[in-house]
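Engineer: Kindly generate the corresponding structure for this input.
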Amino acid sequence: MKATARAHTNIALVKYWGKKDLKLMLPQTDSLSLTLDRFYTTTKVEFDPTLKSDRIQIDGQIAKPKVAKRVSDFLTLVRERYQVSDFAHVTSINNVPMAAGLASSASAFAALAAAATWASGHHPTRQDLSRLARMGSGSATRSIFGGLVQWHAGVDDATSFAEPIEESVDFGLEMIAILIDTREKKVSSRGGMQHVVETSPYYPAWREVVKADMAKIKMAIAKHDVNEIGHIAQTNALRMHALNLAADPGFTYFNSQTLAAMATIDHLRECGVNCYYTMDAGPNVKVIYDQADRKTIFNTLAAQFGADHLAVAKPGPGVEEL
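Structural biologist: Numbers count the residues shown, from 1 in each chain. A predicted model of the protein is given here:
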């Protein structure tokens, strides 16, 4: 009763930023993301009848109590769903900085959901895996699939799941992640978004923003219009972060380097190089562009931030069994 799975991170182009049901992890709105090849988590789960509790190792070290509990609680969901009585050995390796706004929880819980389910002897549909992964981390629901993925907010467990919009993304869409600060952020995604839902006066308008952006970006994807995808994503990200500033008390994930990167990308675009940015819950900036412009954009950013702080990412695959 063991299995190994690999899942990749995803970066939301249209973000949800807030849940309406914390128990079922139902988001306030739909969202749409791009799964990336560069960042991923590989997780092995082995159920063992001799264990008295779950043993969880992350990146070569015993998991901290808070993280271990979150993983063990998720495994309990799997055990209940698939009638498994044994505890498990969990070994997870992250090829992505954790808690730095690079979607490490998305790849982590997508890989855990798949590995634990397969180790139990079951191979459900990807939609069912998506629903299960959602219970560990909302954005993990999208990492079950590759390419461009929509998460339907839904109204209950059965209707809140992700599905691919276009898994084989071959029209030049890429990202460069600017790794400004990969340390753990001070405000967690989960805590930050709920604070915004409860205190930001602009939150009702945000729901309408996402509804409109989802319609527009799906049209842009159908046309394979990288520039329009980037424009929508940048505007959506700025409006999401405006919610944080308007909360009570207000907060931001940006630092001075984040703002400098944003200014550089805007300047490149003013000079005729089509590129756009998006940011999640962290200071790191993701640049959206057509691969034809990669060299110009990379060289400009490398001169400012150093090539070792840049990671080129192409559209990546869905969860895989290793």
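
Engineer: remind me which residues of the stretch 201-322 of the chain are low pLDDT?
Structural biologist: Nowhere does the stretch 201-322 of the chain drop to pLDDT under 70.

Engineer: in it, which spans are helices?
Structural biologist: For the stretch 201-322 of the chain, the helices defined by DSSP state H, counting those that start in this stretch cover 203-222, 226-245, 256-270, 294-305.

Engineer: got the angle between the first one and helix 226-245?
Structural biologist: Here the directions of helix 203-222 and helix 226-245 differ by 170 degrees (axes from the mean of the first three to the mean of the last three C-alpha atoms, to 10 degrees).

Engineer: any idea how far helix 203-222 is from the chain center?
Structural biologist: Between the centre of helix 203-222 and the centre of its host chain there is 18 Å, according to C-alpha atoms, centre = their mean, to the nearest Å.

Engineer: Just the buried residues of it, please?
Structural biologist: Using 16 or more other C-beta atoms under 10 Å as the test for burial, helix 203-222 gives 203, 206, 209-210, 213-214, 216-218, 220-221. (Each C-beta comes from the backbone N, C-alpha and C, glycine too.)

Engineer: Check which helices and strands it is in contact with.
Structural biologist: strand 2-14, strand 31-48, strand 148-152, strand 161-166, helix 226-245 (3 or more C-beta pairs under 8 Å, 6 or more residues apart in numbering; DSSP states H and E).

Engineer: Any buried residues in the second one, and which?
Structural biologist: Yep, that's strand 31-48 we're talking about. Residues of strand 31-48 classed as buried: 31-47 (neighbour count, 16+ other C-beta under 10 Å).

Engineer: next one: stretch 254-265
Structural biologist: Neighbour-count burial for stretch 254-265 flags 254, 257-258, 261-262, 264-265 (criterion: 16+ other C-beta under 10 Å).

Engineer: For the helices and strands packed on helix 203-222, give me CSV that also has distance to residue 88.
Structural biologist: Shown next, in CSV, are the helices and strands packed on helix 203-222 (distance: least, C-beta to C-beta, whole Å):
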stretch, distance to residue 88
strand 2-14, 9
strand 31-48, 5
strand 148-152, 27
strand 161-166, 24
helix 226-245, 36
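
Engineer: Mind checking those for the one nearest to residue 86?
Structural biologist: Closest of the helices and strands packed on helix 203-222 to residue 86 is strand 31-48, at 4.1 Å (criterion: C-beta to C-beta).

Engineer: Can you give me the neighbour number for the nearest residue to residue 242 once chain neighbours are set aside?
Structural biologist: Nearest non-adjacent residue to residue 242, counting by C-beta to C-beta, 6 or more residues apart in numbering: residue 202, 6.8 Å away. Here the number of neighbours of residue 202 (other C-beta atoms under 10 Å) works out to 14.

Engineer: can you tell me which residues contact residue 202?
Structural biologist: Contacts of residue 202 were listed using C-beta atoms under 8 Å, 6 or more residues apart in numbering, and they are 242-243, 246.

Engineer: For it, give me phi and psi.
Structural biologist: When read as degrees, to the nearest 10, the backbone of residue 202 gives phi -90, psi 0.

Engineer: Please tabulate the helices of the stretch 201-322 of the chain in CSV, including the columns distance to residue 123.
Structural biologist: Listed next are the helices of the stretch 201-322 of the chain as CSV, based on distance: least, C-beta to C-beta, whole Å:
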stretch, distance to residue 123
helix 203-222, 29
helix 226-245, 33
helix 256-270, 42
helix 294-305, 38
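
Engineer: mind checking which of these is nearest residue 167?
Structural biologist: Closest to residue 167 of those, according to C-beta to C-beta: helix 203-222, at 11.8 Å.

Engineer: Which element, helix or strand, includes the closest residue to residue 62 other than its chain neighbours?
Structural biologist: Distances taken as C-beta to C-beta, 6+ apart put residue 56 closest to residue 62, at 7.2 Å, once the chain neighbours are dropped. Residue 56 is part of strand 55-58, with elements assigned from DSSP states H and E.

Engineer: which residues does residue 5 form a beta bridge with?
Structural biologist: Per DSSP bridges, the residues bridged to residue 5 are residue 43, residue 321.

Engineer: pLDDT score for it?
Structural biologist: Note for residue 5: predicted pLDDT of 98.

Engineer: ok, now the one 4 residues further on?
Structural biologist: The model reports residue 9 with a pLDDT of 95.

Engineer: do you know how far it is from residue 140?
Structural biologist: Taking C-beta to C-beta, to the nearest Å as the measure, residue 9 falls 10 Å from residue 140.

Engineer: Give me the common contacts of the two.
Structural biologist: Common contact partners of residue 9 and residue 140 (C-beta under 8 Å, 6+ apart): 106-107.

Engineer: Hmm, residue 158 is touching residue 130, no?
Structural biologist: No: between residue 158 and residue 130 there is no contact under C-beta atoms under 8 Å: 11.7 Å.
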